[in-house]
Structures are given as structure tokens and as C-alpha cells.
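> coordinates for the following, if possible.
(one chain, ligands or ions: 2)
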Amino acid sequence: MATSDPGNDGRIRCALCNELSVIRLRDRNRQLCAEHFAADLSERVRETITSHAMIAPGDRIAVAFSGGKDSTALLLLLRDLVTASDDITLVAITVDEGIAGYRSDTIRSAESLAEELGIEQVIVSFSGLFGKDLDAILESQKERACSICGILRRKALLSAAQAAGATKIATGHNLDDEAQSVLMNALRGDLARLVRDSSSRSGDCFIPRIKPLKDISEKEIAVFLMARGRFPELPECPYTRYALRAEIRSRLSSLEYRHPGTMKRLVSGKERLTSVLDGIPLGGAINRCRECGEPCSGTVCQTCQLIASLL
Ligand code: SF4
Ligand code: ZN
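Ligands and ions are numbered 1, 2, ... in the order given. The predicted structure is shown next:
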């Protein structure tokens, strides 16, 4: 039965087989069962990787692997891809920021999945790298939690990826994350960051970053994980409530629900703007940081300034 019509029992069936549907792909008006949806999503990720030339033969990919939903889906999908290509290797990098009541659970979950999949894993901690864990760093500045955490985590990930000899860093950013970033940068009036292509030209100049899940929504990732029988139920970071992103996330989700396609339109609008403005310097001249060599607008980058302030 090749139909999405309800069967005799009134329940919606997959368009490709007789199994019950688990999701309706609104943009294609199609219902799919767990197995066909997992295969469809996997194929779309493969197309994203191919069309953006994200991975090349011989790559050693450092996968930012927190053990949460996005990075779990990313690791599973990349592992399938790598199984089919024996000249690509994966190394899972897990960053322990040092957040009481939260991070130890996600690290345990990350360790057991990496071990089960037979993927090499490296765990790096803020206390080992920067001399303090995040809880101690944030003692008197909790409202800056996510911006400080983001800067230090990026540095930790980059150092671990360099030490592991990686040629690419893969992160689990999904469509919702990308759309939230567009809106956050627009609300902050940060045009340079709004149009910057974080996956190639900026930031970690030593190792290119790739985002294979950038076209997949958060909801699709959740359904994919359920279809694969892996759905990490983990606690939420206690600092989430201080984040502008949390507010944007909830508003954008309700906009997407009422106006399907909002997130895709936001991200593709940003991508068009990025290509139109290609080559135009928006954030002033780009120098190299005196301490670490990363691109920055002054003489010392934001990360090195923050690290120096912690010592
Ligand atoms: Fe770090 Fe903020 Fe994410 Fe918590 S919610 S892990 S503080 S970025
Ligand atoms: Zn099916």
C-alpha cells in the first residue's frame, strides 16, 4: 500500500510501506514510518555533506560529542558514513565544562555510546585546560554563562582536535540552532556575525568546521533517535535559563508551528546575504591574535582575553 491514507484502523500509514507513520514531513506532505524516516534523514545528511564538500578522503574528523541528542545523532550518522569508507576516521571529543548536577550524566552517556560504537574518545575538562571549572568561573557572573562557556568550549574543542590530529571538526548544529543564531545576531545588530560563514572561513582557521545536520530540524533529530532506539533523556544545563537563546528558541518554535518553513527561510535568507556580501569586510580589519594566532579584530582575541582574566 503506497499511501499516506489512514488504514482500516484509522491510523496513518507510511507512504512507502504498511507500517504506522511516525512523522509527517510537512514540506513534502509525506508520512513515513520509523525505518523509512531514518533512511530518508540519513540520505539528506549524506547529500548535505556531499553538496558542501564537507568531507574528503583521508579526513580525520573530530566530532564534538557531548552525549546530548544532536551530537548522538551526528555520531551515529557519521559512523554509518565512515563504515562505508575506510579512509576516514572519527574521534569523539567530549568537553567537561564542570557543571554540577548536569555534565557528569551526559559524560557517562557519551562514554558508553562511544565505547559501544567502537569510536575513539577524548575527554577534555575546563579545569584541566583553564585551571577552573565553569561553576567556579561563573560564581559572580551567571548571566554571562553561555557566552563564557561557548568561548571556552570552542577553545577546548579546538585544542583537543589539534592534539588528536583532526583535519575537520564536526558539530551537531541543527536547523533550529542555525535559525536561532540568525535571529540572535540580528537582534544584537551584529551584522558581521550574522553573515559570517562559521563553517568555513572564520573562527577556527586551523581546522575547518562542518555542520552535517544544518538542514535537519530538532524535531526530526528526536524522531530519528527514537527510530534508532537511542534517545538520551538527560538533565538540562542549569544555566540555560540565563540564555537569550532559550527565549528565541521558544518563540521561533511557535512561529515555525504556525508558519511552517520559517526556520528554513531565515537560514536561506542569511546564506543569500552571506554570498552577496562575500569579500566585503564587515567587522573591520582581520588580524591574527598575538597569543594564539586565531583571527581577531584587535591584537588579542576574545578567547585569550577571557583566559587571561581567569588566571
Ligand atoms: Fe554552556 Fe550555556 Fe550550554 Fe550550559 S546552556 S552547556 S552554560 S552553553
Ligand atoms: Zn515505511
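
> could you check whether the strand or helix carrying L225 is close to ligand 2?
Assigned by DSSP states H and E, L225 belongs to helix 218-227. No - shown here: helix 218-227 not in contact with ligand 2 (C-beta under 5 Å from the ion), separated by at least 10.5 Å. The way it works is simple: take the backbone N, C-alpha and C, and place the C-beta from them, glycine included.

> how about the residues of the stretch 1-150 of the chain by ligand 2?
Checking the stretch 1-150 of the chain against ligand 2 by C-beta under 5 Å from the ion, the hits are 14, 16-17, 19, 33, 36.

> would you point out the most distant pair within the residues you listed?
Within these, L16 and E19 form the most distant pair, 8.7 Å apart (C-beta to C-beta).

> anything in contact with each of these two?
33, 36 (C-beta atoms under 8 Å, 6 or more residues apart in numbering).

> what's in contact with the helix holding L225?
For helix 218-227, using C-beta under 8 Å, 6+ apart, the contacting residues are 22-23, 34-35, 37-38, 41, 69-70, 72-73, 174-177, 213, 216, 231-232.

> still on that earlier bit, weed out the non-buried ones from the residues of the stretch 1-150 of the chain next to ligand 2.
14, 16, 33, 36 (16 or more other C-beta atoms under 10 Å).

> any idea how this protein splits into domains?
The domain map for the chain lists 1-32, 38-310, with the assignment taken from automatic domain parsing.

> now the strands: where do they sit in the stretch 51-200 of the chain?
60-64, 89-96, 120-125, 168-170 (DSSP state E, counting those that start in this stretch).

> what does the longest one rub up against?
So the one you mean is strand 89-96. 59-67, 75, 78-79, 82, 103, 107, 110-111, 114, 119-127, 153, 156-157, 160-161, 164, 166.

> could you do the first one as well?
When contacts are taken as C-beta under 8 Å, 6+ apart, the neighbours of strand 60-64 outside the stretch itself are 55, 71, 74-75, 78, 82, 88-93, 95, 119, 157, 160-161, 164-172, 207, 210.

> got it, and the last one?
By C-beta under 8 Å, 6+ apart, the residues outside strand 168-170 that reach it are 54-55, 59-64, 74, 78, 157-158, 161, 204, 207-212.

> all helices of this structure, in order?
34-51, 69-83, 103-117, 126-130, 134-137, 145-163, 175-188, 191-195, 218-227, 244-258, 262-276, 302-310 (DSSP state H).

> lowest-confidence stretch among the ones you listed?
Per-stretch mean pLDDT for these is lowest at helix 191-195 (a mean of 78).

> is it true that A160 touches V124?
Yes - A160 lies in contact with V124 (C-beta atoms under 8 Å); the separation is 4.6 Å.

> buried residues in stretch 68-83, which are they?
68-79, 81-82.

> just the residues contacting it, thanks.
By C-beta under 8 Å, 6+ apart, stretch 68-83 touches 41-42, 45-46, 49, 55, 61, 63-65, 88-90, 92, 106, 110, 113-114, 117, 119, 170-174, 177, 212-213, 216, 218, 221-222, 224-225, 228, 230-232, 234.

> just the buried residues of those residues.
41-42, 45, 49, 55, 61, 63-65, 88-90, 92, 106, 110, 113-114, 119, 170-174, 177, 212-213, 216, 218, 221, 224-225, 228, 230, 232, 234.

> how about the residues of this structure near ligand 1?
Applying C-beta under 6 Å from any ligand atom, we find that the chain lies next to ligand 1 at 97, 145-146, 149-150, 237, 239-240, 243.

> dump these to JSON lines, plus neighbour count.
Formatted as JSON lines, those follow (neighbours: other C-beta atoms under 10 Å):
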{"residue": "E97", "neighbour count": "24"}
{"residue": "A145", "neighbour count": "22"}
{"residue": "C146", "neighbour count": "17"}
{"residue": "C149", "neighbour count": "20"}
{"residue": "G150", "neighbour count": "12"}
{"residue": "C237", "neighbour count": "22"}
{"residue": "Y239", "neighbour count": "21"}
{"residue": "T240", "neighbour count": "13"}
{"residue": "A243", "neighbour count": "18"}
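
> dump those residues into JSON lines; add distance to D27 as well.
As requested, those are exported to JSON lines (distance: C-beta to C-beta, whole Å):
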{"residue": "E97", "distance to D27": "36"}
{"residue": "A145", "distance to D27": "35"}
{"residue": "C146", "distance to D27": "31"}
{"residue": "C149", "distance to D27": "34"}
{"residue": "G150", "distance to D27": "31"}
{"residue": "C237", "distance to D27": "31"}
{"residue": "Y239", "distance to D27": "34"}
{"residue": "T240", "distance to D27": "29"}
{"residue": "A243", "distance to D27": "29"}
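
> quick one: which of those is nearest E271?
Nearest to E271 among the residues of the chain next to ligand 1, with distances taken as C-beta to C-beta, is G150, at 22.0 Å.
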